[in-house]
Every structure is written in structure tokens, then in C-alpha cells.
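Novice: Please work out how this folds:
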Amino acid sequence: MEEWYHYVLLIVVGFAVGFINTVAGGGSLLSLPVLIFLGLPPSVANGTNRVAIIIQTALATAGFKSKGVSTFPFNAYLGVSALIGAIIGANIAVDIDGAVFNKILAIIMILVIIIIIFKPKTNLKDIQERLTGKYLWLGMLAFFFFGIYGGFINAGIGFIIILFLHFFNHMSLVRANATKVAVVFIYMISALVVFVLNDKVNWAVGLVLAIGNGSGAWIASRVSVNKGDGFIKTFLVVMVAIMAVKLWFF
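Specialist: Numbering: from 1, shown residues only. The predicted structure is shown next:
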């Protein structure tokens, strides 16, 4: 990058991505194309994006905690399991045509919308969260596989994590979001290490992007707590629809 406005663009895009990732997910589907457009090779863009995501999730976690929302130690157990998976995901090469992959992911996003909109009405205030016993162990198993995908590319994983925690563990969307950002922070560290060891990180670009990501994440974490589940549900539906259209047609 040679032009000064490229850095301004990174901060603006980063802010949007940080907000989107914290409230819902899929922000990397915006930041990765921008990084490639600015001249980074795809593998370096993938690694560089991890720098911003780590800062983003750290500040989002702090933002949720400042509002009294934390699921520790449950989030730590899931995070460690996902961390192991992320090491695998960051080291493997997936031999699949990009266009086919995007269409499959688009279909998944549409299914997510259907689940969000047409799920049975559930009053989670009257249902106890399921964070121990078999629900913890099955959750750790699921997050191991989430970590593999997160280590590989990470884009869109936030949608799946939120829905899993909401339906399987009976978490409110706010608490599911708080758990999500903490887990991603933990496993993203191992993924970043792999990219760094393979010289796939542009630190200057990553840190500038992180300024935007972190700012957006801090604001989003506090806004989502204040607005509650209704705001998050609406945001989820809108973002999943946008990402599905982008993946299918573009």
C-alpha cells in the first residue's frame, strides 16, 4: 500500500467489520476482499486479518465484561478446545473450488435465516442454561470442529457459534455473543502463530485494520447489551441475508 487513503479505508472498513463480527458474524467476508484489493496475496490477507480479529475480540470481551456479561469458565473450556482445532485448520490446505465453496456457504446462510425466523418461540428466561455435564463435553467437541474452520478462514463462523450456543446451551443472544468473542479470541491466538511462523502476516496493515476492528467491537459489545436480544436477532437476519447474496452472486 502506497497511498495514505488506503490506511483510512482500512480503519473505516475495520470499524464496520468489528461491529458486524461482534453483533453477528461474517465481517471477514468484507475485510478479506479489501485486503486482497489493496495488494496483499490471499494467504497473507488471511493471516493479516487475524491480527485485527484478535484485537477486536479482546476489546469486545472487555466491553461485554464492563456491562456485567461474562460466561467464564465455560467460555474458556470451549476456547481451549477450539484452539486445538484452529491449529489444525491453519495448517491444512482445503482442495475445493472457490465458487463451489461460496455457494455451499450461501446455502448454509439461508438455512441460518430460516432457523432464526421460524424457530419455535422459547422464553429463555424460564429455561436454565445448559453449561455443564454432557452439554459442556458436547459443546467442546463441537467447538473443536468450529476451531478447525476458524483456523482455516474464519469467515462466517460467528453465525454458527451464536446459533449453537443459543439453541443447544439455551443462552440468550447477548450471552452467546459474549461467549463467542471470548472463544474466538482464544483460538485466534494459535491460528495467528501458525500464520506468523509461515511469514503470512503484514503487521503494519494488520495493526491499522485493528484500530477500526477494535473500535467497532467495543461499541458493538456495549450497544448489543443495551439493546438486548431483539436487536441482535434483527441484525443477524439482515447480515446473514446480505452475506448469502454476496456469496451466491458475487
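Novice: Do you know the pLDDT at the spatially most central residue of the chain?
Specialist: Closest to where the C-alpha atoms of the chain average out (C-alpha atoms, centre = their mean) is Gly158, at 3.9 Å. Per-residue confidence at Gly158 stands at 85 (pLDDT).
Novice: What helices and strands are in contact with whichever strand or helix holds it?
Specialist: Assigned by DSSP states H and E, Gly158 belongs to helix 157-167. Counting by 3 or more C-beta pairs under 8 Å, 6 or more residues apart in numbering; DSSP states H and E, the packing neighbours recorded for helix 157-167 are helix 98-118, helix 134-152, helix 173-197, helix 229-249. C-beta coordinates here come from the backbone N, C-alpha and C atoms, glycine included.
Novice: Which secondary structure element of this structure has the lowest mean pLDDT?
Specialist: For the chain, using mean pLDDT, DSSP states H and E, the weakest element among its helices and strands is helix 98-118, scoring a mean of 65.
Novice: follow-up on the earlier one: specify the local secondary structure of the closest residue to the residue nearest to the centre of the chain other than its chain neighbours.
Specialist: Excluding the flanking residues, the one nearest Gly158 by C-beta to C-beta, 6 or more residues apart in numbering is Gly25, at 2.1 Å. Classification of Gly25 by DSSP: H, G, I helix; E, B strand; the rest coil places it in coil.
Novice: count of residues packed around Gln128?
Specialist: Neighbours of Gln128 under the rule other C-beta atoms under 10 Å: 7.
Novice: Reduced to three states, what does it come out as?
Specialist: Applying three-state DSSP: Gln128 is coil.
Novice: for the strand or helix carrying Ser221, what is the average pLDDT?
Specialist: Element membership for Ser221, per DSSP H and E: helix 203-227. Mean pLDDT, helix 203-227: 92.
Novice: Would you mind measuring from Ile186 to Gly27?
Specialist: 18 Å (C-beta to C-beta, to the nearest Å).
Novice: Over to His6?
Specialist: Counting by C-beta to C-beta, the gap from His6 to Gly27 is 19 Å.
Novice: same check, this time on Gly147
Specialist: 18 Å.
Novice: Quick check: phi and psi at the residue lying closest to Ser28 once chain neighbours are set aside.
Specialist: Spatially, and ignoring its direct neighbours in sequence, Ser28 is nearest to Ala155 (3.9 Å; C-beta to C-beta, 6+ apart). Here is the backbone geometry of Ala155 (degrees, to the nearest 10): phi -60, psi 120.
Novice: Number of residues surrounding Ala155?
Specialist: 22.
Novice: got the buried residues for stretch 59-75?
Specialist: For stretch 59-75, a neighbour-count test (16 or more other C-beta atoms under 10 Å) marks 59-61, 63-64, 69-71, 74-75 as buried.
Novice: Give me the contact list for stretch 192-211.
Specialist: 1, 7, 10-11, 13-14, 31, 35, 38, 40, 43-44, 46-52, 54-56, 87, 90-91, 151 (C-beta atoms under 8 Å, 6 or more residues apart in numbering).
Novice: Quickly, which of the helices and strands packed on helix 157-167 bottoms out on average pLDDT?
Specialist: helix 98-118 (a mean of 65).
Novice: one step back: for Val237, state which of the buried residues of stretch 59-75 is nearest.
Specialist: Nearest to Val237, judged by C-beta to C-beta, of the buried residues of stretch 59-75 is Ala60 at 20.7 Å.
Novice: surely the closest one meets Ala217?
Specialist: Yes: Ala60 lies in contact with Ala217 (C-beta atoms under 8 Å); the separation is 3.9 Å.
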